[in-house]
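Q: With the input below, show me the fold.
(one chain, ligands or ions: 2)
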Amino acid sequence: MTKADILYVNNIKEIIEDGYSTEDGKVRPHYKDGTPAHTLFITQVYEKYDISKGEFPITTLRPTAWKSGIKEILWIYQDQSNKLEVLKNKYNIHWWDDWNVGDGTIGQRYGATVKKYDLMNKLLNGIKDQPYGRRHIIDMYQYSDFEETKGLHPCAFMTEWSVRGEYLDVTLIQRSNDYLVAGHINKIQYVALLMMVAKATGYKPGIFAHHIQNLHIYDRHISQAKELLQRKPSDKNPKLILDTDKTNFYDFTLDDFKMVDYEPIKPQLKFELAI
Ligand SMILES: Nc1nc(=O)c2c([nH]1)NC[C@@H]1CN(c3ccc(C(=O)N[C@@H](CCC(=O)O)C(=O)O)cc3)CN21
Ligand SMILES: O=c1ccn([C@H]2C[C@H](O)[C@@H](COP(=O)(O)O)O2)c(=O)[nH]1
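A: Numbers count the residues shown, from 1 in each chain. Ligands and ions are numbered 1, 2, ... in the order given. I've put the predicted structure just below:
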């Protein structure tokens, strides 16, 4: 059982047993049939994985769409796009379709924000020019962007980066996390980003930390959560590897990544999305 599996099971148990229910109030998301999508949630969850010591945040209790997750990261930070057409045609990902704001985009959000403020280049140049700087931050939570267009506010919205000798560490700050639909994917995505930024700036991937303000399970996902608690994890310790000589951040592709020792428990679970 990996560290990730232990934390995954503990968080699911804590949410089911001690989570606070939103049923006493109004909520924004709803299911396709119009029913409000309530959650059980816990707050201020913090996890730390030392990638340089072989720790890796992937659960083996279910398959994780890690390839699609990495492709979404390329869409945000390399293409710096908010266009669903790019996500579909270039990467064959459809999971943002329900958040089309009406013009084929997800609004002035995520990749469009990275582009508007040139956040990725500022980060890469900042780390190269002043390694021990304490201002290496990407912040996609921009209120002026929210006023510009409709759209879901970014969930995994901020990263803070630190050089520590030969290592690069990152903290992902996430305001809201749909634990069973995206929780497992979000972590892999940002380890992949850590690996790419580290390679592009000449460091080794160090510590990945993740702070989640509101970690929730939707009411229509509770039976799947209980099913996960019944499963026995794999005895393997999977790892993601970025295996390439490339050093230009914008040249990395999915094919440069390999997942080794990955034998997740099947079958995959199905979820009704809260929109
Ligand atoms: N309620 C909610 N949860 C989310 O996780 C979420 C949103 N809304 N809104 C925007 C995006 C869309 N996200 C999604 C939506 C669906 C899948 C999903 O269905 N994943 C399946 C299929 C993977 C595949 O296509 O390969 C999975 O097995 O992980 C994943 C992330 C993450 N975000
Ligand atoms: O990368 C992502 C994107 C979205 N989510 C989830 C978290 C919430 O369940 C919804 C967003 O709803 P809000 O009411 O805006 O919080 O999407 C995620 O977990 N990861």
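
Q: going forward, measure contacts between C-alpha atoms and count neighbours the same way
A: Noted.

Q: mean confidence for stretch 191-198?
A: For stretch 191-198, mean pLDDT rounds to 99.

Q: residues in contact with that stretch?
A: Contacts of stretch 191-198 with the rest of the structure, by CA atoms under 8 Å, 6 or more residues apart in numbering, involve 70, 73, 124, 167-170, 204-205, 208, 240, 242, 249, 252.

Q: show me what contacts Pro238?
A: Contacts of Pro238 (CA under 8 Å, 6+ apart): 56, 58, 259-263.

Q: Tell me the strands beside the top strand by length along the chain, with direction?
A: Longest strand of the chain, by residue count under DSSP state E: strand 204-218. Paired with strand 204-218 in the same sheet, following DSSP bridges, are strand 39-50 (antiparallel), strand 167-178 (parallel).

Q: need the helices for the stretch 1-150 of the chain, in chain order.
A: 3-18, 66-77, 84-89, 110-116, 119-129, 143-148 (DSSP state H, counting those that start in this stretch).

Q: What's the mean pLDDT across the fourth one?
A: Summarised as a single mean, pLDDT over helix 110-116 is 98.

Q: Could you do the last one as well?
A: Averaging pLDDT along helix 143-148 yields 98.

Q: what's the spacing between stretch 152-168 and its chain's center?
A: In terms of CA atoms, centre = their mean, to the nearest Å, the centre of stretch 152-168 is found 11 Å from the chain centre.

Q: To clarify, my last question referred to stretch 241-260.
A: How far stretch 241-260 lies from its chain's middle: 18 Å, per CA atoms, centre = their mean.

Q: Just the terminal-to-terminal distance for that stretch.
A: End-to-end distance for stretch 241-260, by CA to CA, to the nearest Å: 8 Å.

Q: Quickly check: that stretch near ligand 1 or not.
A: No: if you take CA under 6 Å from any ligand atom as the test, stretch 241-260 misses ligand 1, and the best it gets is 13.9 Å.

Q: right, is stretch 108-125 up against ligand 2?
A: No: Stretch 108-125 is not in contact with ligand 2 by CA under 6 Å from any ligand atom; minimum separation 10.0 Å.

Q: any idea which of the contacts of Pro238 is closest to ligand 2?
A: Ile58 (15.4 Å; CA to the nearest ligand atom).

Q: wait, that closest one sits on Ala4?
A: Yes: at 5.7 Å, Ile58 counts as touching Ala4 under the criterion of CA atoms under 8 Å.

Q: Nearest residue to Thr59 in space, ignoring adjacent ones along the chain?
A: Asp5 (4.9 Å; CA to CA, 6 or more residues apart in numbering).

Q: Correct me if wrong: that neighbour contacts Glu55.
A: No: judged on CA under 8 Å, Asp5 makes no contact with Glu55 at a distance of 11.4 Å.

Q: Setting aside sequence neighbours, what's the nearest residue to the residue most central in space within the chain?
A: Nearest to the geometric centre of the chain sits Asn186, at 1.8 Å (CA atoms, centre = their mean). Excluding its sequence neighbours, the residue lying closest to Asn186 (CA to CA, 6+ apart) is Gly69, at 7.2 Å.

Q: Lovely, talk soon.
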